[in-house]
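>>> sequence unknown, structure follows:
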């Protein structure tokens, strides 16, 4: 890759010359390499939530939440917080036949307490009818972030 077409700013943020003189491509992905040299994708860096200095990876929380019976899909976002930097909010779509009544939500919260570190616990849950998706079918988390930001701006938060 030699750069983004007509976008020098994005090119400069993505292609960086390191101290060794080599140009490295910064993809924004977080991953790991095993002892055999295989790379494993873990998370997009840009999607990381920082709460009180702790790094929280939404996809890890979504995997846990999606394993709870009755959850069809989830999307975790960070919401600005004046004290903790960000807090965790979960948007949920439920399977047919399930409702977000008190019993269901308490069970989901208990599932989160049992499987998610204390610092990464979701603070807010919101059930929606369907997840917004991108053209390739991925959950459009940015749409949910923008929706939440707009709501909070209207409330003066």
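Perfect, thanks for sending it. Values in this document were obtained by computation on a predicted structure and should not be read as measured data.

>>> From now on I want contacts and neighbour counts done on CA atoms only, so please keep to that.
Fine.

>>> OK, contacts around the most centrally placed residue in the chain?
With distances taken as C-alpha atoms, centre = their mean, residue 58 lies nearest the centre of the chain, 3.3 Å away. Residues near residue 58 by C-alpha atoms under 8 Å, 6 or more residues apart in numbering: 47, 48, 49, 75, 76, 77.

>>> could I get these as JSON lines with pLDDT and secondary structure?
Below are those laid out as JSON lines (pLDDT from 0 to 100; DSSP: H, G, I helix; E, B strand; the rest coil):
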{"residue": "47", "pLDDT": "79", "secondary structure": "helix"}
{"residue": "48", "pLDDT": "87", "secondary structure": "coil"}
{"residue": "49", "pLDDT": "93", "secondary structure": "strand"}
{"residue": "75", "pLDDT": "97", "secondary structure": "strand"}
{"residue": "76", "pLDDT": "97", "secondary structure": "strand"}
{"residue": "77", "pLDDT": "97", "secondary structure": "strand"}
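
>>> from those residues, which is closest to residue 129?
Nearest to residue 129 among the contacts of residue 58: residue 75, at 12.8 Å, using C-alpha to C-alpha.

>>> Quick check: closest non-adjacent residue to that closest one.
Computed as C-alpha to C-alpha, 6 or more residues apart in numbering, the closest residue to residue 75 that is not its neighbour in sequence is residue 91, at 5.2 Å.

>>> Kindly report the same for residue 77.
residue 89 (5.4 Å).

>>> The one you found contacts residue 81, correct?
No: at 11.5 Å, residue 89 does not count as touching residue 81 under the criterion of C-alpha atoms under 8 Å.

>>> Comparing the two, which shows the higher neighbour count?
residue 89 (20 against 13; other C-alpha atoms under 10 Å).

>>> wait, what's in contact with that one?
Residues in contact with residue 89 (C-alpha under 8 Å, 6+ apart) are 76, 77, 78, 79, 122, 123, 124, 125, 126.
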